[in-house]
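below: sequence and its predicted model.
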Amino acid sequence: MRTMRTNVGARPDRTSGRARPWAAGQRPAKGWRRTLWRMARSWDAYLFLAPGLLLFSVFTLFALGFAFYLTFHEWSIIQPDKPFVGLGNYRDLLDDERFRRSVYNTAYFTGASVPLTMMVGLVVALLLNQPLRARGILRVMYFLPVVTPFVVVAIIWKWLYNGDFGLFNYYLLKANLIEEPLLWLADKNLAMPSIILMSVWAGVGFSMVVYLAALQAVPEELYDAAKVDGAGAWARLRYVTIPMLRPATLFLMVMGIIGSFQIFTQIFVMTQGGPVDRTTTMMFYIYEAAFKFYEMGYASTLAYALFAMLFVFTLLQLRLYRRAYE
Amino acid sequence: MTSPLGALRVRGRAGSADRRTGSGQGRGRRSLPVLLAYAILVPGALLFVAPFAWLVSASFQHVGDIFSWPPQWIPEDPTLDNYKTFFGIPTESTRSGASADVLRWFANSVFVASSITVLQLFFNAMAAYVFAKRTFPGRDTIFLLFLATLMVPPQITLIPNYLVLKHIPLFGGNDILGQGGHGWLDSYYGLILPGSVSAFGIFLLRQYMLTIPDELLDAARVDGAGEFRVFWRVVLPLSGPALAATAIFTFIYAWEDFLWPLIIISSPEHYTMPLGLALFVVKNRTAWDMLMAGSVVATIPVLVIFMIFQRHFIKGISLSGLKG
């Protein structure tokens, strides 16, 4: 009963409360007591928030701070003492050949797989955006890899790439495209392209669906106007469709880059970073540093480096994003 | 690819737009572009499905036939042994070690993914409700805090969370200061709890709940409903579509999750399906036949959920105002 009355009482408060600035400085000194009173009155709201907020505080907020703290320490789970090393971890990072290698590999993977996935997805979407009767089933077929657990996808492809029994070698040999079996994942120059090919296959369905949605939102009138102006199919694609798809393109780019900076599962299942570190990506290196060599401090430093790079990229892209909408 | 939410959101748009299909391109001379489209799309789609087809086919083959050259697309001597081994049913040629805990992995995955889904729905909805429908000091600050962490990649919290779990007091042989044992590592708590709240889920539900008229809530309060009752009997049922949408992709995401279980789980009886399968491959065990069957079984739940609820969450997402 009491709750009920308080809440009904809170109603007018809410409407006027929107307009009132909450910034602490603008409130009179006695406002503190009022704030406390308000807090006490909405005790049940805090109760509702408590479980989520508690988990969030521990596993996200605290974790963020703790990770930062770790970057200044040599922290091994097997050693009892965890000495403060100042910027030592950061200095190590700069001289670390493997770290540079992993950044290069991640950039290689991202630079190839993101544009490819987007382009193939766009082509498929453009083709599917026609009045096709089999469109529904075709869409599901292209989308299938996206809903398949990634570990399963990686297992299938590991098998396809198998040097002795893999389907790739079989069909390439049969078509006389290669003369002897390729080693794919075990070949230091082919390993990363193989991973990229597999990731493109797994990701095309997603960009196709995004583009398809964007295509269907392009107003028909634009095409009609372009036709009246004498634009051919190619010109309409180039000057109407593609510019109209820019928000979708940027969205896919942001998501794609964030995702591929964190590539891990494929690497773990298919190559374990080999051969000779050719597929050691940043995430795989972090994993190894933390859970193979137990260097939690250094691994956290690596993680923050990854975060910093992602952050810069995201900012750049948000800039692009804003420009796209202007 | 990374964010199931993104996929979902857009999937929703694609679906709803589908109904007014038949866009005007090529309306004049329909046949040529359409034929061209089929000529490219159909072979492409077959290429996309081929690996699955082969997986399913291999899962019904004897281990010797999987290695046959040329590969068999249609098993010459189909067998259910792989699935039987998988489910622990004895077969004539049962190899030791292959079947061990596999059914257990599957059960673990079901349990963990369902628990994460239920907890996340509940916790997210409660938080979303107060963010959307209540006024209290600190609300906006806390909400912004949640939103700000959306940018943080999960990798960065991996290591600290591992250490936090290791030092949870009084669990896994730890003393009250969290020393001595392994805490929540290698336990269901560790698998479930860190994933049982999501800033994005809260955000999504809040946006949806904002559209529920306050009058409905007040009416319930006037009728004497307590705050939890209002939440449980009014707000939750009205948020059905948004809840369903988040539930589906939370489940799929939890089902597929690999890195977190890999890090914290060490004993095979706690393996989830993806973890078990991946470690199986990495350790170069030779039971490829069983592995194929396992992969099929691991894929089926997400596939079924996707197929059944496709339309449901399309509706939910278009309702939740995330279209723009």
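Okay, I see it. Numbers count the residues shown, from 1 in each chain, chains lettered A, B, ... in the order given.

show the pLDDT at B:Thr149.
As predicted, B:Thr149 sits at a pLDDT of 84.

that one touches A:Leu61, doesn't it?
Yes. Under the criterion of CB atoms under 8 Å, B:Thr149 makes contact with A:Leu61 at 7.3 Å. Just so you know, the C-beta spots here come from the backbone N, C-alpha and C atoms, and that holds for glycine as well.

tell me, what residue is most central in the chain?
You didn't pick a chain, so chain A it is. Ranked by distance to the mean C-alpha position of chain A (CA atoms, centre = their mean), the top residue is A:Gly259 at 2.7 Å.

ah, I was thinking of chain B
So for chain B, CA atoms, centre = their mean, it's B:Ile252, sitting 1.6 Å from the centre.

part of a helix, is that one?
Yes. Assignment of B:Ile252 by DSSP: H, G, I helix; E, B strand; the rest coil places it within a helix.

ok, A:Pro83 - how many residues close by?
Residues lying near A:Pro83 (other CB atoms under 10 Å in any protein chain shown) number 12.

quick one: the nearest residue to it once chain neighbours are set aside and A:Glu179, what's the gap?
Nearest residue to A:Pro83 in three dimensions, chain neighbours excluded: A:Glu74, at 5.3 Å (CB to CB, 6 or more residues apart in numbering or on different chains). Going from A:Glu74 to A:Glu179 by CB to CB, to the nearest Å gives 52 Å.

more neighbours: which of those two?
Neighbours per residue (other CB under 10 Å) separate A:Glu74 from A:Glu179, with A:Glu74 holding more: 18 against 8.

residue of the stretch 201-324 of chain B closest to chain A, please.
B:Pro274 (3.9 Å; CB to the nearest CB).

and A:Glu97, how far is that from chain B?
21 Å (CB to the nearest CB, to the nearest Å).

phi first, then psi, for A:His73.
phi -130, psi 150 (degrees, to the nearest 10).

for chain A, tell me whether stretch B:138-149 is touching it.
Yes. On the criterion CB under 8 Å from any CB of the partner chain, stretch B:138-149 is in touch with chain A at B:Gly138, B:Arg139, B:Asp140, B:Ile142, B:Leu145, B:Phe146, B:Thr149.

wait, which of those residues is closest to A:Met198?
Closest approach to A:Met198 among the residues of stretch B:138-149 next to chain A (CB to CB): B:Thr149, at 31.2 Å.

residues contacting the closest one?
A:Phe56, A:Thr60, A:Leu61, A:Leu64, B:Ala199 (CB atoms under 8 Å, 6 or more residues apart in numbering or on different chains).

hmm, try it at 7 Å
Going by CB atoms under 7 Å, 6 or more residues apart in numbering or on different chains, B:Thr149 touches A:Thr60, B:Ala199.

on that earlier part again, doesn't B:Val304 make contact with the residue nearest to the centre of chain B?
No. Contact criterion CB atoms under 7 Å: B:Ile252 and B:Val304 do not qualify, at 10.8 Å.

re the thing from before, who wins for most neighbours among the residues of stretch B:138-149 next to chain A?
Counting by other CB under 10 Å, top hit in the residues of stretch B:138-149 next to chain A: B:Phe146 with 23 neighbours.

picking up where we left off before, excluding chain neighbours, give the residue nearest to the residue nearest to the centre of chain B in space.
B:Val302 (5.1 Å).

who touches the helix or strand hosting A:Thr249?
Using DSSP states H and E, A:Thr249 sits in helix A:246-261. Here helix A:246-261 makes contact (CB under 7 Å, 6+ apart) with A:106, A:109-110, A:113-114, A:117-118, A:207, A:210-211, A:214, A:282, A:306, A:309-310, A:313-314, A:317, A:320-321, A:324, B:1-3, B:6.

try stretch B:35-42
A:Val124, A:Leu127, A:Leu128, A:Gln130, A:Leu132, A:Leu138.

quick one, what contacts the first one?
Contacts here follow CB under 7 Å, 6+ apart; on that basis A:Val124 touches A:Tyr142, A:Val204, A:Met208, B:Leu41, B:Gly44.

can you tell me which of those residues are in helices?
Counted as lying in helices by DSSP state H, out of those, are A:Tyr142, A:Val204, A:Met208, B:Leu41, B:Gly44.

residues near the first one, how many?
Other residues near A:Tyr142 number 27, with proximity taken as other CB under 10 Å.

wait, doesn't it sit right on A:Phe206?
No. Checked against CB under 7 Å, the pair A:Tyr142 and A:Phe206 is beyond contact range at 9.5 Å.

low pLDDT regions in the stretch 201-324 of chain B?
Across the stretch 201-324 of chain B, the ranges flagged by pLDDT under 70 are B:284-287, B:310-324.

what does it put close to chain A?
When proximity is defined by CB under 7 Å from any CB of the partner chain, the stretch 201-324 of chain B lies next to chain A at B:202, B:218, B:221-222, B:224, B:226-227, B:252, B:255-256, B:258-259, B:263, B:274, B:277-278, B:281-282, B:291, B:295, B:298-299, B:302-303, B:306.

close to chain B, is stretch A:140-149?
Yes. Contact between stretch A:140-149 and chain B, assessed by CB under 7 Å from any CB, occurs at A:Met141, A:Tyr142, A:Leu144, A:Pro145, A:Val146, A:Val147, A:Thr148, A:Pro149.

tell me the most packed of those residues, by neighbour count.
Once you tally neighbours by other CB under 10 Å, A:Tyr142 ends up highest among the residues of stretch A:140-149 next to chain B, having 27 neighbours.

for burial, what's the neighbour tally of the closest residue to that one other than its chain neighbours?
Distances taken as CB to CB, 6+ apart place A:Gly205 nearest to A:Tyr142, at 4.7 Å, with adjacent residues excluded. Neighbours of A:Gly205 under the rule other CB under 10 Å: 27.

give me the three-state assignment for the spatially closest residue to B:Leu236 that is not a sequence neighbour.
Distances taken as CB to CB, 6+ apart place B:Ala125 nearest to B:Leu236, at 6.3 Å, with adjacent residues excluded. Following three-state DSSP, the label given to B:Ala125 is helix.
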